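Novice: Need coordinates for the below:
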Amino acid sequence: METYNYVPNAAARNLKSRAPQKSSFSIACFVSHTRNSNENPFFSQMTRSIEQAAVQRGFTLSFYFTNFTTEDPYILEQVRSLNVNGAVCIGRFQDKNALDFLKKQFKNIVYVALSSVDTQMDQVICDGYQAALSAMNYLVEKGHRSIAYIGSGLTERRFRAYQAAIQTHKLPHSSSMICFCEYDGFSGHQAAERLLRQNKTLPSAIFCANDNTAIAVMRCLQEHNIRIPQDISLMSIDDVTMSGMVTPALTTIHVPKEEMGQVAIEVLESRLIKRHSIPLKSELPYKIVVRETVKKL
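Specialist: Numbering: from 1, shown residues only. Okay, the predicted model is just below:
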């Protein structure tokens, strides 16, 4: 079921059994900067959890939008015409107007991400900044002082945590050790190639802002016959399913994706049945998952 991302379809089951649904609530789901689930398995696992939690409560997930933006008038008209009871928004939207637009369209809305937003709405958060600090601190504890960064750019909180750790631990740094990329595998592979070209001497470790990028970086390093962790250590954030299946298995920060999806639907249900009216903010914990890609120096 996990391999093929199987989720029971409530509507199909009701057609077969002719049984009434447990609830008449229908919801829409909006995912930020990813065009499809193959680009970023983090979002795939999160949305699967949200759909499973919705099905368990008899909700219908009627609409699903990826890479949502307010720049397309046709999409905006579609959203305005939606007849749903609530919405779930996943991830930090690159379009600054997207969240404000969705908040105006839906009275019942919950935001799920690795960073909170300064707006009045229900939020389910796992702090990506603190998770990134923990990853950097772990590498430092293992004796690493030359640590490169591969991930999203200047506005990314995980990158800001990398910068903060560099300053706190007084680590050597240079611009050649920082390679920005999108969160798809192809961009991560290209960023690793740039890192190798820009540095005659390898860093002792690379911190990747997410697992999808780290797995692509791992593939690039192996293509160059660079051994992990013997020649270079690798650490990231997310703990997607694939991170434990690659060789060597990836040391990463576990983000509780399934629990975040469950809590998001619980909070939305509470809002729908008038159990609460003020904005709620739920913060879930992360943890380090030690596997095989970090060497102690």
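Novice: Give me the three-state assignment for residue 179.
Specialist: Following DSSP: H, G, I helix; E, B strand; the rest coil, residue 179 is assigned to strand.
Novice: got it, and residue 155?
Specialist: Secondary structure, three-state DSSP: residue 155 is coil.
Novice: ok but residue 148 is inside a helix, no?
Specialist: No. With three-state DSSP as the criterion, residue 148 is located in strand rather than a helix.
Novice: for it, which residues make a bridge with it?
Specialist: For residue 148, the beta-bridge partners under DSSP bridges are residue 206.
Novice: Tell me which stretches of the stretch 1-150 of the chain form strands.
Specialist: Under the criterion DSSP state E, counting those that start in this stretch, the stretch 1-150 of the chain contains strands at 26-31, 60-65, 86-90, 109-113, 122-125, 147-151.
Novice: strands paired with the third one, and their directions?
Specialist: Read it as strand 86-90. When DSSP bridges is applied, strand 86-90 pairs with strand 26-31 (parallel), strand 109-113 (parallel).
Novice: all helices in this protein, in order from the N-terminus.
Specialist: Using DSSP state H, the helices of the chain run over residues 10-17, 41-56, 73-80, 98-105, 128-141, 157-168, 185-198, 211-223, 257-272.
Novice: per-domain residue ranges of this structure.
Specialist: The record's domain parsing of the chain by automatic domain parsing lists 10-126+256-287, 128-254.
Novice: most packed of those domains?
Specialist: Neighbour counts (mean count of other C-beta atoms under 10 Å) averaged over each of those peak at domain 128-254, with a mean of 19. Backbone N, C-alpha and C define where each C-beta goes, glycine included.
Novice: wait, what's in contact with residue 270?
Specialist: The contact partners of residue 270, taken as C-beta atoms under 8 Å, 6 or more residues apart in numbering, are 276, 280.
Novice: no no, residue 194
Specialist: residue 179.
Novice: again with the one 3 residues further on
Specialist: Residue 197 makes contact with no residue, according to C-beta under 8 Å, 6+ apart.
Novice: now it: how far from residue 176?
Specialist: Distance from residue 197 to residue 176, counting by C-beta to C-beta, to the nearest Å: 9 Å.
Novice: follow-up on the earlier one: make CSV from the strands paired with strand 86-90 and add mean pLDDT and distance to residue 132 to it.
Specialist: Listed next are the strands paired with strand 86-90 as CSV, based on pLDDT from 0 to 100; distance: least, C-beta to C-beta, whole Å:
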stretch, mean pLDDT, distance to residue 132
strand 26-31, 93, 22
strand 109-113, 96, 14
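Novice: picking up where we left off before, could you dump the strands of the stretch 1-150 of the chain into CSV with distance to residue 261 added?
Specialist: Compiled in CSV, these are given as follows (distance: least, C-beta to C-beta, whole Å):
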stretch, distance to residue 261
strand 26-31, 10
strand 60-65, 11
strand 86-90, 8
strand 109-113, 7
strand 122-125, 8
strand 147-151, 23
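Novice: still on that earlier bit, out of the strands paired with strand 86-90, nearest to residue 205?
Specialist: Set against residue 205 and scored by C-beta to C-beta, the strands paired with strand 86-90 come closest in strand 109-113, at 26.5 Å.
Novice: any residues touching that closest one, and which ones?
Specialist: 32, 46, 50, 86-92, 99, 102-103, 117, 121-125, 128, 260-261, 264, 267-268, 271.
Novice: swap the cut-off to 7 Å and go again
Specialist: With C-beta atoms under 7 Å, 6 or more residues apart in numbering as the contact definition, strand 109-113 has outside contacts at 46, 86-92, 102-103, 117, 121-125, 260, 264, 267-268.
Novice: Comparing the domains of the chain, which yields the minimum mean pLDDT?
Specialist: Mean pLDDT values for those show the minimum at domain 10-126+256-287, a mean of 86.
Novice: roughly how far is that domain from the heart of the chain?
Specialist: Here domain 10-126+256-287 is found 14 Å from its chain centre; the criterion is C-alpha atoms, centre = their mean, to the nearest Å.
Novice: what's the answer for stretch 254-271, then?
Specialist: Taking C-alpha atoms, centre = their mean, one finds stretch 254-271 lying 14 Å from the centre of the chain it belongs to.
Novice: just stretch 206-221 next, same as before
Specialist: The chain centre lies 14 Å from the centre of stretch 206-221; the measure is C-alpha atoms, centre = their mean.
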